[in-house]
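Enquirer: after the sequence you'll find the predicted model.
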Amino acid sequence: MATVRLIDIARRVGVSSSTVSAVLSGRDIGIRFSPEKAEEIRAVARELNYVPNISARILNRQASFTLGVMIDSEDIPVRFRQLAAIERAASVRGYRLLVTETHNDPDSLRKDYLTLKQCGVDGVICHSNILAATPDLEKKTVFYGAAPVAGFSTAYYDIGAAYAEAAALFAKAQRRAALVISDNMSFDSVRARRDAFLQHFSSAADRLYQLQLTNDHSSDIRSCMAELLEQQLLPARVNAVILQNDSWCLAMAAEAARCGLKVPEDLALLGQDNSLFCTCSRPALSSIDSNLPALGEAVLELILERIAQADAPIRCIAVPTKLVPRESTCLPSPNK
């Protein structure tokens, strides 16, 4: 198989090789060419399976072309899907990732951050949950997560629009809605879900339930859902539930079936993350899609800005999310 060169991409797009090089290295976006043209160049690079010559780039620019990534242990399956999106965006620009998982321990956070810097990474990408315990961050550090981080460039997914869609859907079907999330308010994703629910589900009938779970909550999630359903949701006549993630939604669906409830006729269910669970389940689970490809692109855009100019203005990019309706919220109108 012939090696794909910059000139091959340039000819396909109709630009110069230097423009292709600038886009794939994250330089001068929005100055010499439009964001739309930059995305077209990256798309062609992916299509042609372009692989940058890392050795040559390191010699030319005295950079490692490696990015450090620090993730927490809140929801490992989701974190790895986010990481995969960041890796895809980094790869097409010729960057590799060096990843550390912090276990939410302050000493581990500090040690891991310093280790990444000692390894010569060009910049560090951190999930926003780990900010509080990570001191003395350098300027070439950006964040990603569910909310902006004060003082740092951040790519975050905005769940407000998706919650507004869910509120309209449940209101049309005259459903009594509830939100089920963790009680750990140190996680930005939990706070963002709570705030969006309180904003868009404002009637007195709507309810917020927070569960106290262990760090590895896979072992007790079914029992928690069973207790919540039987002792709180059903007595409160709740018939529509938004859950913290798709794993919780799957567990609630199983408990609903055990109690003889039909989904969505008796209980509508909406998860979050739009994972593989959703289409494999029966009924198929509705979910909120976090638009991870766009999140990965936004993260790379921000970190490359900081690498090119450490004192660049702080910038936040809101990545829109959307409701993906499936069988678990396929609700008839109340007058039908």
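Expert: Yep, that arrived. Numbers count the residues shown, from 1 in each chain.
Enquirer: what about S153, how many neighbours?
Expert: Per other CB atoms under 10 Å, the neighbour tally for S153 reads 24. For every residue, glycine as well, the C-beta is placed using N, CA and C.
Enquirer: surely it meets L304?
Expert: No - the criterion here is CB atoms under 8 Å, and S153 misses it with L304 at 10.6 Å.
Enquirer: overlap of the contact sets of these two?
Expert: Overlap between the contact sets of S153 and L304, as judged by CB atoms under 8 Å, 6 or more residues apart in numbering, is nil.
Enquirer: hmm, L109 is touching T100, no?
Expert: No - using CB under 8 Å, L109 is not in contact with T100; the gap is 9.2 Å.
Enquirer: neighbour count for these two, which is higher?
Expert: In this view L109 and T100 are compared by other CB under 10 Å, and L109 has more residues nearby, 22 against 18.
Enquirer: so for the one helix or strand the more buried one maps to, what gets flagged as buried?
Expert: For L109, the element it lies in under DSSP states H and E is helix 106-118. Buried residues in helix 106-118, counting neighbours by 16 or more other CB atoms under 10 Å, are found at 108-109, 112-113, 116.
Enquirer: next helix or strand past that helix?
Expert: By DSSP H and E, the next helix or strand past helix 106-118 is strand 123-127.
Enquirer: check contacts around H127.
Expert: Taking CB under 8 Å, 6+ apart, one finds 70-72, 79, 82, 143-145 in contact with H127.
Enquirer: still on that earlier bit, the inter-axis angle of the helix holding L109 versus strand 123-127?
Expert: 150 degrees (axes from the mean of the first three to the mean of the last three CA atoms, to 10 degrees).
Enquirer: I'd like the C-alpha coordinates of helix 106-118 written as CSV, please.
Expert: Extracted in CSV, the C-alpha atoms of helix 106-118 (Å, rounded to 0.1, in the frame of the first residue of the first chain):
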residue,chain,number,x,y,z
PRO,A,106,-5.2,13.8,45.6
ASP,A,107,-1.8,12.3,46.0
SER,A,108,-2.2,10.2,42.8
LEU,A,109,-3.5,13.2,40.9
ARG,A,110,-0.4,15.3,41.8
LYS,A,111,2.0,12.5,41.1
ASP,A,112,0.4,11.5,37.7
TYR,A,113,0.3,15.1,36.5
LEU,A,114,4.0,15.6,37.3
THR,A,115,4.8,12.2,35.7
LEU,A,116,3.1,13.3,32.5
LYS,A,117,5.1,16.5,32.4
GLN,A,118,8.3,14.6,33.1
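Enquirer: A253 should be in a helix, yeah?
Expert: Yes - residue state for A253 (DSSP: H, G, I helix; E, B strand; the rest coil) corresponds to a helix.
Enquirer: any chance you could map the strands in the stretch 1-150 of the chain?
Expert: Listed in chain order, the strands of the stretch 1-150 of the chain (DSSP state E, counting those that start in this stretch) span 66-71, 96-101, 123-127, 141-145.
Enquirer: packing partners of the last one?
Expert: To tie it back to what came earlier, the one meant is strand 141-145. With contacts taken as 3 or more CB pairs under 8 Å, 6 or more residues apart in numbering; DSSP states H and E, strand 141-145 sits against strand 123-127, strand 154-158, helix 292-308.
Enquirer: mind doing that once more with 10 Å?
Expert: Judged by 3 or more CB pairs under 10 Å, 6 or more residues apart in numbering; DSSP states H and E, strand 141-145 is in contact with strand 66-71, helix 76-91, helix 106-118, strand 123-127, strand 154-158, helix 188-200, helix 292-308, strand 316-320.
Enquirer: put the alpha carbons of that strand into CSV.
Expert: Presented in CSV, the C-alpha positions along strand 141-145 are these (Å, rounded to 0.1, in the frame of the first residue of the first chain):
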residue,chain,number,x,y,z
THR,A,141,-3.6,22.2,30.2
VAL,A,142,-7.2,22.0,29.1
PHE,A,143,-10.3,20.3,30.5
TYR,A,144,-13.3,18.4,29.2
GLY,A,145,-16.5,17.3,30.9
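Enquirer: quick one: neighbours of L261, just the number.
Expert: 17.
Enquirer: can you tell me the SS state at it?
Expert: With three-state DSSP as the basis, L261 sits in coil.
Enquirer: again, but for V238
Expert: Assigned by three-state DSSP, the conformation of V238 is coil.
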